[in-house]
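1. need a structure here:
(2 chains)
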Amino acid sequence: MTGQVVTRFAPSPTGFLHIGGARTALFNWLYARGRGGKFLLRIEDTDRERSTPEATAAILQGMAWLGLDHDGEVVSQFEGAERHAEVAHQLLAQDKAYKCFATQDEIAAFREQARADGKSTLYRSPWRDADPSSHPDAPFVIRIKAPRDGATVIRDQVQGDVTIRNDQLDDMILLRSDGTPVYMLAVVVDDHDMGVTHVIRGDDHLNNAARQMTIYQAMGWDVPVWAHIPLIHGPDGKKLSKRHGALGAQEYQGMGCPAAGMRNYLTRLGWSHGDDEFFSDEQAKEWFDLGGIGKSPARFDTKKLENLCGQHIAVSDDAALVTELDAFLVATDQSPVSEVKSVLLRDAMYCLKDRAKTFPELLEKAHFVMTNRPLNYDAKAAKNLNSVSRGILNELTPQLQNASWSRDGMEAVTGAFADAKDIKFGKMAGPLRAALSGRAVTPSVFDMMLVLGRDETIARLKDAAEYQPEAQDD
RNA sequence: GGCCCGUUCGUCUAUCGGUUAGGACGCCAGGUUUUCAACCUGGAAAGACGAGUUCGAUUCUCGUACGGGCUGCCA
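-> Residues are numbered from 1 along each chain as shown, chains lettered A, B, ... in the order given. Model (predicted):
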């Protein structure tokens, strides 16, 4: 019996939830959730200068939006500083680490010289094998004694076996001269203490894995399964940065992407399961595996994201869509849907959800439901309410009033009307659309009438027939 | 500079030595149509380059080019 899978997401709280980070979190979440494992969250806040509580809140909020629920408490790496130091001192006591008294100036000077000479800038501390009795009474850092012979093999589930010669490894610092732990030590200790079995993270950490392995080995701890995933790039193939526009997960929430569509897109970006493109969370959890992750960086494609979002909206449950739409409105500082409108909206959803890729589009199509009499006609709608079409509405309205209130009944009435007037239905659709919604782009006119009901429909038609254009008409 | 990684249509990708190199988004053309969207049909579109291994390479090896990462008392 192998143990339970434990994954984690460990962002630095220096800003919002980056879209690349969101994908890393998603992969960890999928891997754990698909295997009955645990998905933990740790905030890497050891850099006191750059870490802020606002950033932590933003990251949490972004994950909540994406539906990436984590197990247990949120761990603060900073709060584990004592334990990290304890491990460093244990290594020191076991002679697997040493005190280094080299000053930062000395090291900087060395590097500068090495670079100028075209030689390796790897710093070799003279204190590694120094006699403790020769130690000065001065500030020191604790460095690990990294192996110098042989090689370290990172058995990576995505990148394959990556071999790093040990002479490429430096004696990295574990504890700074002020006694605080360095990230490289903190991650290893935390991952071990938290029981993390699979480390799925950006491939900018691939080389670091070799260095971290020296700590695992020095402590005699099991090395986790590594999976270093390629970072997401912008549409131009360059590393995703500010000039590419939307970087934060929340920005996509603000654009009105449904979370399910976002998950689907992000999952499929750089990972594949045959030809499957559109899938549910359940399928994603079942299918997701490390072997399906590609080795090269993928570019972010907004068009495909939108397409997937549209497909997810189309298959969403009507009531659930209303709820998510409400959440979107609140998240974007708009007023939520009233209770009365919520019911209408849900009933209208069947003719709305096939036509929208995002929530703003959905709202646009739903305008006929959200608006109230007297309607405001936008410019294009107003154009459809000229004197001729008002005349048509005037004659048609009484007939509709007596029609059987079903699609067939309404089609029969309008069809007969069109025949009698010898006009095409297309001629009537524009005015009807304008009258019912105040807009020129709407769902089918019959759908709108069905959703609005007879009374509201007739009232709106009468309003429109009496519409007085402000300026020039006809 | 040193070390490590990557490279199939515009984009995301399938292929795990033998395929007319498949799918999706996007794009183009046509159809349907009640606006928008959707939908249907068809189309253009790819193995970075050069060697080698092999009966046979997109697939394995090496080199080149290009891209990326690491090389901090940052994470």
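2. quick one, what contacts A:Leu91?
-> Counting by CB atoms under 8 Å, 6 or more residues apart in numbering, A:Leu91 makes contact with A:Ala97, A:Ile142, A:Ile144, A:Leu174, A:Ile215, A:Ala218, A:Met219. Using the backbone N, CA and C atoms, a C-beta is placed for each residue, glycine as well.
3. now, the most widely separated pair of these?
-> Using CB to CB, these reach their maximum pairwise distance at A:Ile142 and A:Met219, which is 14.0 Å.
4. between those two, who's got more neighbours?
-> Shown here are A:Ile142 and A:Met219; by other CB atoms under 10 Å, A:Ile142 has more neighbours (23 against 16).
5. what helix or strand does the more buried one sit in?
-> Using DSSP states H and E, A:Ile142 sits in strand A:141-144.
6. still on that earlier bit, from the contacts of A:Leu91, which are also near RNA strand B?
-> By CB under 7 Å from any atom of the strand, no member of those lies near RNA strand B.
7. Looking at those residues, which is nearest A:Asp354?
-> Nearest to A:Asp354 among these, with distances taken as CB to CB, is A:Ile215, at 54.6 Å.
8. which residues of the stretch 151-300 of chain A fall in strands?
-> All strands of the stretch 151-300 of chain A, identified by DSSP state E, counting those that start in this stretch, fall at A:151-156, A:160-165, A:173-175, A:198-202, A:225-229.
9. Show me the contact partners of the first one.
-> Right, strand A:151-156. A:161-166, A:169, A:206, A:209-210, A:213-214, A:225-228.
10. Now which of these would you call buried?
-> Taking 16 or more other CB atoms under 10 Å as the criterion, what is buried in those is A:Val162, A:Ile164, A:Leu169, A:Leu206, A:Ala209, A:Ala210, A:Met213, A:Thr214, A:Val225, A:Trp226, A:Ala227, A:His228.
11. Is the first one bridged to anything, and to what?
-> Each beta-bridge partner of A:Val162 is listed here: A:Ile154, as defined by DSSP bridges.
12. so what's it up against?
-> With CB under 8 Å, 6+ apart, A:Val162 has these contacts: A:Val153, A:Ile154, A:Asp156, A:Leu206, A:Ala210.
13. can you name the two of these that are farthest apart?
-> Maximum distance among the contacts of A:Val162 (CB to CB): 12.5 Å, for A:Val153 and A:Leu206.
14. what residue ranges in chain A score low on pLDDT?
-> A:1-2, A:241-246, A:470-474 (pLDDT under 70).
15. now check stretch A:155-163, is it near RNA strand B?
-> Yes: counting by CB under 7 Å from any atom of the strand, contacts between stretch A:155-163 and RNA strand B involve A:Gln159, A:Gly160, A:Val162, A:Thr163.
16. which one of the residues you listed is nearest A:Asp131?
-> For these, the nearest to A:Asp131 is A:Thr163 (34.8 Å; CB to CB).
17. Might you report the residue contacts of the closest one?
-> A:Ala151, A:Thr152, A:Val153, A:Ile154.
18. could those be laid out in TSV, adding neighbour count and distance to RNA strand B?
-> Output for those, formatted as TSV (neighbours: other CB atoms under 10 Å; distance: CB to the nearest atom of the strand, whole Å):
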residue	neighbour count	distance to RNA strand B
A:Ala151	13	9
A:Thr152	20	10
A:Val153	12	10
A:Ile154	20	8
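19. quick one: the most far-flung residue of chain A relative to its centre from RNA strand B, how far?
-> Relative to the centre of chain A, and counting by CA atoms, centre = their mean, the farthest-placed residue is A:Ala420 at 55.7 Å. Relative to RNA strand B, A:Ala420 is positioned 17 Å away (CB to the nearest atom of the strand, to the nearest Å).
20. Shouldn't that residue be within a strand?
-> No: counting by DSSP: H, G, I helix; E, B strand; the rest coil, A:Ala420 falls outside a strand, being helix.
21. A:Phe101 against A:Ala138, yeah?
-> Yes: between A:Phe101 and A:Ala138 there is a contact at 5.4 Å, judged by CB atoms under 8 Å.
22. interface residues of the stretch 1-150 of chain A facing RNA strand B?
-> Checking the stretch 1-150 of chain A against RNA strand B by CB under 7 Å from any atom of the strand, the hits are A:12, A:44-47, A:50, A:77, A:102-104, A:107, A:111, A:115, A:118-123, A:139, A:141.
23. angle of the helix or strand in which A:Phe27 is found against strand A:225-229?
-> Following DSSP H and E, one finds A:Phe27 within helix A:19-33. With axes from the mean of the first three to the mean of the last three CA atoms, to 10 degrees as the basis, helix A:19-33 and strand A:225-229 are set at 150 degrees to each other.
24. Report the contact partners of the nearest residue to A:Glu456 once chain neighbours are set aside.
-> Excluding the flanking residues, the one nearest A:Glu456 by CB to CB, 6 or more residues apart in numbering is A:Arg373, at 7.8 Å. Contact partners of A:Arg373, counting by CB under 8 Å, 6+ apart, are A:Glu456, A:Ala459, A:Arg460, A:Asp463.
25. Measure how buried A:Asp419 is and give me the count.
-> 10.
26. is RNA strand B contacted by the helix or strand encompassing A:Leu345?
-> Applying DSSP H and E as the criterion places A:Leu345 in helix A:339-348. No: using CB under 7 Å from any atom of the strand, helix A:339-348 stays clear of RNA strand B, coming no nearer than 13.1 Å.
27. Centre of the chain to that helix, how far?
-> 29 Å (CA atoms, centre = their mean, to the nearest Å).
28. quick one: which of A:Phe101 and A:Ala138 has more around it?
-> It is A:Phe101, of A:Phe101 and A:Ala138, that has more neighbours when counted by other CB under 10 Å, with 18 against 9.
29. need the contact list for that one.
-> A:Trp127, A:His135, A:Pro136, A:Ala138, A:Pro139, A:Phe140.
30. name the helices or strands packed onto the helix holding A:Phe27?
-> Judged by 3 or more CB pairs under 8 Å, 6 or more residues apart in numbering; DSSP states H and E, helix A:19-33 is in contact with strand A:6-9, strand A:38-43, helix A:53-66, strand A:198-202, strand A:225-229, helix A:249-254, helix A:259-268, helix A:281-287.
31. Next one: A:Ala249 from A:Ala22, what distance?
-> Separation of A:Ala249 from A:Ala22 (CB to CB, to the nearest Å): 4 Å.
32. list the contacts for the nearest residue to A:Pro297 once chain neighbours are set aside?
-> Using CB to CB, 6+ apart and skipping the chain neighbours, the partner closest in space to A:Pro297 is A:Pro230 (4.2 Å). By CB under 8 Å, 6+ apart, the contact list for A:Pro230 reads A:Val158, A:Gly202, A:Asp203, A:Gly270, A:Gly294, A:Lys295, A:Ser296, A:Pro297, A:Ala298.
33. where does the stretch 351-474 of chain A come near RNA strand B, residue by residue?
-> A:354-356, A:365, A:411, A:425-426, A:429-430, A:433, A:440-446.
34. Repeat the analysis, applying 6 Å as the threshold.
-> A:Asp354, A:Arg355, A:Phe425, A:Gly426, A:Ala429, A:Ala440, A:Val441, A:Thr442, A:Pro443, A:Ser444, A:Val445, A:Phe446 (CB under 6 Å from any atom of the strand).
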